[in-house]
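Trainee: Have a look at this fold, sequence not included:
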């Protein structure tokens, strides 16, 4: 009769440290030791010995731990069989075995059946919490390998599923910080197969069908390749039925280097580097969503390397009324970053192709460099005839005023200008501006305002007009502005109207039709002179004609036409006076002729009278 009795609590597979399909090297065993009355023995160290036989009784001894000093607390003990300095397991667990235990010289009976514990678990599915690790460099070089030999239907070499709102169906980590490493690598040679298929069944929360992570600057969180050279194949296919989920979500956490949240390639002329579908019928869904925190990274990078055909670097679709076919975010606040970056090697292809409306939006307020604009279209050709932008409508007749090519809006959606058809085979530029102007340098250190009257001296302008070679007006609303000296030099220039309608500062009363000339005060004002009062000396300083009147005796702005005068009123008046003088002279000449005729007749009569007796 044994004085100490052992109660079996459990036998668990602890770890596998050799290549796939090799036998476990250690077994974790836990038991309870009591006295004959069932009371746990006192705490302390007890001598125990563990032997493994190939039969329930008698049989052949297969493994012996030797005497072991085992700590018992509350009657409970735990040992790791096969741990050094115990002998290494060399058993083939393809058959049943029995464990015999001796405690303090008491042989426990009956023996405990081990069976094919490790292999039973490995064959029917890993137990929850099982961890597999080891340095595997032979065979498939895989710590865990799943192979499905079925050649049809939707099969999975490895399938992972998580019902947690924060879980991952499959989670792979490539911890190497360099080299061509993969968090998860999946391959499928079937034209309808999937290299990796992940399913997150939770209908809410931030879930991932597949989540991949790589800390290497040249690695990939997820890398999928579809080798079939035709058909609708996918390197990686992801689906999510959650209104806040992602079919595929990739994050590249490296803050430098050429990293990719997700990188996908397809060599098929009808394939897609990335093809994402968000099937939710509402919500802010994304066919493809990419984010990159690197200054040189790409939220989404797709390359279509086929040199011909209708190829797409990235193709995205969304059937939601508030969804996005492709949505890219470059979160870095500096560097040349791209929310979405597309390339195409085909001369007839498109780096980006959009069917429907296109909108680009940003908040930028800075100097007018190429990088400080919402949109930049760049033709990198260094040839002599590169083209940059083409606008085309489907209508093939002469474009009329209803065909609008470009419209300019204020922030409240009020149109301020447009380029539209003119109905005669050309285009018209519409604007609220009223004159053609050019930048002219300022002659003096003074403030020039729109509507100021200025004199021109050797191509420079000033409010002084006496002795000026020409009198002009500072433009108020130019529709065309030429002679731009450059954005950093305009401070020393004034925008001067050459021709068109301008609002002019006029001093004193004015009537529509009056001619405008400088006031002579050097304050940028003009005075109005009627045509009847105009002299040739005055006309040399006339620069415009008032198109509206005012009885105000002070200074006000008057709409006037500049650069359009075609005659001097004083000349017309002189011409009228000269014409009147010519008519008078003609009348005098006729009267003189009549007088000469009368005198001649009188002379002949006198002569006749003198000859009479």
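Mentor: Looks like it came in fine. Note that the coordinates shown come from a computational prediction; the quantities given were computed from them, not determined experimentally.
Trainee: in the stretch 301-450 of the chain, what spans have low per-residue confidence?
Mentor: For the stretch 301-450 of the chain, residues meeting the criterion pLDDT under 70 lie at 313-314.
Trainee: so where do the strands sit in it?
Mentor: Assigned by DSSP state E, counting those that start in this stretch, the stretch 301-450 of the chain shows strands spanning 301-304, 315-318, 327-330, 341-344, 404-409, 415-421, 427-431, 435-441.
Trainee: Name the stretch among those strands that sits most buried.
Mentor: Ranked by mean neighbour count, those are led by strand 301-304 with a mean of 26 (mean count of other CB atoms under 10 Å). Glycine gets a C-beta too; all of them are placed from N, C-alpha and C.
Trainee: That strand pairs with which strands?
Mentor: According to DSSP bridges, strand 301-304 forms sheet pairs with strand 263-266 (parallel), strand 341-344 (parallel).
Trainee: Hmm, residue 78 is touching residue 29, no?
Mentor: Yes - between residue 78 and residue 29 there is a contact at 7.2 Å, judged by CB atoms under 8 Å.
Trainee: Between these two, tell me which one has more neighbours.
Mentor: Taking other CB atoms under 10 Å, residue 78 and residue 29 do not tie; residue 29 has more neighbours (21 against 14).
Trainee: Is residue 100 in a helix, a strand, or coil?
Mentor: Secondary structure, DSSP: H, G, I helix; E, B strand; the rest coil: residue 100 is strand.
Trainee: Just the pLDDT for it.
Mentor: For residue 100, the model assigns a pLDDT of 92.
Trainee: Who is it paired with across the strands?
Mentor: Under the criterion used (DSSP bridges), residue 100 bridges to residue 51.
Trainee: measure residue 548 to residue 277 for me?
Mentor: Distance, residue 548 to residue 277, by CB to CB, to the nearest Å: 64 Å.
Trainee: oh, I was asking about residue 104
Mentor: Applying CB to CB to residue 104 and residue 277 gives a distance of 69 Å.
Trainee: Who has more neighbours out of the two?
Mentor: More neighbours surround residue 277 than the other of residue 104 and residue 277, with 16 against 13 (other CB under 10 Å).
Trainee: Look up which residues are beta-bridged to the more buried one.
Mentor: Per DSSP bridges, residues listed as beta-bridge partners of residue 277: residue 317.
Trainee: surely it meets residue 317?
Mentor: Yes - counting by CB under 8 Å, residue 317 is a contact partner of residue 277 at 5.4 Å.
Trainee: what touches both of those two?
Mentor: Shared contacts of residue 277 and residue 317, defined by CB atoms under 8 Å, 6 or more residues apart in numbering, are found at residue 287.
Trainee: Assign residue 586 to one of the three secondary structure states.
Mentor: Quick answer, by three-state DSSP: residue 586 is helix.
Trainee: Could you report the neighbour count for it?
Mentor: By other CB under 10 Å, 10 other residues sit near residue 586.
Trainee: quick one: it and residue 593, what's the gap?
Mentor: With the distance defined as CB to CB, residue 586 ends up 11 Å from residue 593.
Trainee: for residue 342, same thing?
Mentor: According to CB to CB, residue 342 and residue 593 sit 97 Å apart.
Trainee: thinking again about what came up before, want to try JSON lines for the strands of the stretch 301-450 of the chain, with distance to residue 283 as columns?
Mentor: Output for these, formatted as JSON lines (distance: least, CB to CB, whole Å):
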{"stretch": "strand 301-304", "distance to residue 283": "24"}
{"stretch": "strand 315-318", "distance to residue 283": "10"}
{"stretch": "strand 327-330", "distance to residue 283": "13"}
{"stretch": "strand 341-344", "distance to residue 283": "26"}
{"stretch": "strand 404-409", "distance to residue 283": "30"}
{"stretch": "strand 415-421", "distance to residue 283": "34"}
{"stretch": "strand 427-431", "distance to residue 283": "41"}
{"stretch": "strand 435-441", "distance to residue 283": "52"}
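Trainee: between the ones you listed, which one is nearest to residue 39?
Mentor: Nearest of those to residue 39, taken as CB to CB: strand 327-330 at 66.8 Å.
Trainee: List the neighbouring strands of that closest one plus their orientation.
Mentor: If you go by DSSP bridges, strand 327-330 pairs up with strand 289-292 (parallel).
Trainee: mean confidence for the partner strand?
Mentor: Average pLDDT, strand 289-292: 71.
Trainee: Equivalent analysis for stretch 66-83, please.
Mentor: Averaged across stretch 66-83, the pLDDT comes to 91.
Trainee: Name the residues of it that are buried.
Mentor: By 16 or more other CB atoms under 10 Å, the buried positions in stretch 66-83 come out as 68, 70, 72, 75, 77, 79, 81-82.
Trainee: Could you check how far the residue nearest to residue 344 when sequence neighbours are not counted is from residue 335?
Mentor: Leaving aside its sequence neighbours, residue 344 sits nearest to residue 351 (CB to CB, 6 or more residues apart in numbering; 4.8 Å). Applying CB to CB, one obtains 20 Å for the distance of residue 351 from residue 335.
Trainee: again, but for residue 366
Mentor: Residue 366 is 16 Å from residue 335, by CB to CB.
Trainee: For these two, indicate the residue with more neighbours.
Mentor: The residue with more neighbours, out of residue 366 and residue 335, is residue 335; 11 against 8, by other CB under 10 Å.
Trainee: quick one: the more buried one and residue 296 touch, right?
Mentor: Yes - applying CB under 8 Å, one finds residue 335 in contact with residue 296, separated by 6.1 Å.
Trainee: Show the pLDDT at the nearest residue to residue 297 once chain neighbours are set aside.
Mentor: Spatially, and ignoring its direct neighbours in sequence, residue 297 is nearest to residue 259 (4.7 Å; CB to CB, 6+ apart). pLDDT for residue 259: 70.
Trainee: shouldn't residue 259 be in contact with residue 299?
Mentor: No - applying CB under 8 Å as the test, residue 259 and residue 299 come out as separate, 10.7 Å apart.
Trainee: okay, and the common contacts of the two?
Mentor: Here residue 259 and residue 299 share the contacting residues residue 292, scored by CB under 8 Å, 6+ apart.
Trainee: who's residue 499 bridged to?
Mentor: Counting by DSSP bridges, residue 499 is bridged to residue 436.
Trainee: about what we covered before: nearest to residue 376, of the strands of the stretch 301-450 of the chain?
Mentor: strand 341-344 (13.5 Å).
Trainee: Roughly how far does the residue nearest to residue 490 when sequence neighbours are not counted sit from residue 460?
Mentor: In this structure, residue 490 finds its nearest non-sequential neighbour in residue 439, 6.7 Å apart by CB to CB, 6+ apart. According to CB to CB, residue 439 stands 11 Å off from residue 460.
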